[in-house]
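In: Generate coordinates for the sequence data below:
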Amino acid sequence: MKITEIKVILTCPNDRNFLLVKVYTDDGLYGCGEGTLNGNEPVVAKAVEHMAPLLIGMDPQRIEDVWQFVYHWPYFRGGPVYAAALGAIDLALWDLKGKVAGLPVYQLLGGRCRRGAMVYTHASGRDVREAVDDVRKHLARGSKVVRIQQGPYGGSGTLRLEKPARGGIPPVEIFEPAPYLSSIVGFSELGDDVQLCHDAHERLSPVEAARLARELERFHLFFLEDLLRPEHPESFRLVRRASATPLAMGELFHSRWQLLPLLTEQLIDFIRIGPLHVGGLTEARKIAAVAETYQVKTAFHGAMDLGVIGQAAAVHLDVAIPNFGVQEWSDFHKFEQICEVLHSPCRLDDGYALPNEAAGLGVDIDEKAAARYPYKPAYMPLVRRQDGSMFVY
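Out: Below you'll find the predicted structure:
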């Protein structure tokens, strides 16, 4: 079997951009992958197109060899865009291998360790009352773990300036740590029977992060997510010393080497990588194995920017590894246009995501439907301080 063609598909159903890939073979089979990277899909598409000629003629069943080839051939390797491009190819090859074997991918990864993957969903509100009410709605729908975001700066901790978007440019959001930190402590009404998460979106200094972790400790959170920017993992030492609140990190990571200090020093409790964004299933299961050694569980990224195929791949890995913790969830099956383009997204059963039982990853791409929803320029929100400067830490 040889790779004969790699097709790149940019599409925007339900006003969400996706970068999809099909890898075709001389046997007439194809595998479906995804390189969606929020706000950067055209850049990832160019990276896939650039590497595609080198892959023609290679054996798609030699997944590890292809992964090593794609990772090492440019010499200047690494980076989130290139990792997403590699992830797109890798997911397509795992999908293809499952189709050749006639098995769902989780069977190729060793089979089930659990019936399904417990997920967490997102609740938010402008104040404590709204956020608590939204949490209860999620619990009533079967969620076992809920991420709560609340405060006068909105569910994301920011104040959105509602200026009309121009050419995909989003409104500017304003963030200030002081009002955020003073407003976020309001979970006591829900009690200890609810498993809650909270996401700080990498917007705190080490001292502010330590303060928040200490103040939230009495609420017994499931975890506190992305407190610090990824460039300085050593800052987690201060947070760890300040609190026993479980910590999660990794949404913006794109390689195992970024994670090593956090794992070897046991500075986090959950690893938040997206399998797609670290180079696919081939790399994500290696990272999960290293994390297991240090008693760190997975909590794979799964917001809309991971995409339907990316989320399906994560769920296949979730059910096959021993140190699974929780899976972030996006309910793609509720979006009609997305389901036209990407058939059979994963579904929930009583708060658990179930992998598709079809051969491969179980998600197919309808190219004609994708063409009906052409790519729309879109960028990530711009975050500034109240004085107008860019928000950086």
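In: drop to CA atoms for contacts and neighbour counts, all remaining ones
Out: Fine.
In: Could I get the buried residue list for stretch 192-205?
Out: The neighbour-count check on stretch 192-205 (16 or more other C-alpha atoms under 10 Å) flags 194-200, 202-205 as buried.
In: taking the residues you listed one by one, which sit in strands?
Out: 195-199 (DSSP state E).
In: that older thread, could you redo the buried residues of stretch 192-205 as a markdown table and give each row distance to L259 and pLDDT?
Out: A markdown table is the format used below for those (distance: C-alpha to C-alpha, whole Å; pLDDT from 0 to 100):
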| residue | distance to L259 | pLDDT |
| --- | --- | --- |
| V194 | 29 | 82 |
| Q195 | 26 | 92 |
| L196 | 24 | 93 |
| C197 | 21 | 94 |
| H198 | 21 | 93 |
| D199 | 19 | 93 |
| A200 | 19 | 92 |
| E202 | 15 | 91 |
| R203 | 19 | 90 |
| L204 | 19 | 93 |
| S205 | 19 | 94 |
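In: could the ones in strands among the buried residues of stretch 192-205 be laid out in TSV, adding distance to R285?
Out: Listed next are those as TSV, based on distance: C-alpha to C-alpha, whole Å:
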residue	distance to R285
Q195	26
L196	26
C197	24
H198	25
D199	24
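In: hmm, back to that, can you redo the buried residues of stretch 192-205 as CSV with distance to T11?
Out: Output for those, formatted as CSV (distance: C-alpha to C-alpha, whole Å):
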residue, distance to T11
V194, 38
Q195, 36
L196, 34
C197, 32
H198, 31
D199, 29
A200, 30
E202, 29
R203, 31
L204, 35
S205, 37
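In: so which of the residues you listed would you say is closest to G78?
Out: Nearest to G78 out of the buried residues of stretch 192-205 is E202 (C-alpha to C-alpha; 21.3 Å).
In: and the closest residue in space to I338 that isn't next to it in sequence, how many residues sit next to it?
Out: Nearest residue to I338, sequence neighbours excluded (C-alpha to C-alpha, 6 or more residues apart in numbering): P13, at 5.2 Å. Other residues lying near P13 total 23 when counted by other C-alpha atoms under 10 Å.
In: Equivalent analysis for H72, please.
Out: 12.
In: and if you look at C32?
Out: Neighbours of C32 using other C-alpha under 10 Å come to 26.
In: Look up how far V66 lies from the nearest residue to it once chain neighbours are set aside.
Out: For C32, ignoring the flanking residues on the chain, the nearest one in space by C-alpha to C-alpha, 6+ apart is A92 at 4.4 Å. A92 sits at a distance of 12 Å from V66 (criterion: C-alpha to C-alpha, to the nearest Å).
In: Return the closest of the buried residues of stretch 192-205 with respect to G310.
Out: D199 (21.0 Å).
In: what pairs with the closest one across the strands?
Out: E225 (DSSP bridges).
In: That one contacts D226, doesn't it?
Out: Yes. Using C-alpha atoms under 8 Å, D199 makes contact with D226 at a distance of 6.0 Å.
In: so what pLDDT did Y180 get?
Out: Listed pLDDT for Y180 reads 79.
In: for it, phi and psi?
Out: Dihedral pair for Y180: phi -60, psi -50, per degrees, to the nearest 10.
In: Relative to T298, how far out is it?
Out: 27 Å.
In: So between these two, which is more surrounded?
Out: T298 (25 against 19).
In: residue contacts, that one?
Out: T298 makes contacts with 270-272, 288, 291, 323-327, as judged by C-alpha atoms under 8 Å, 6 or more residues apart in numbering.
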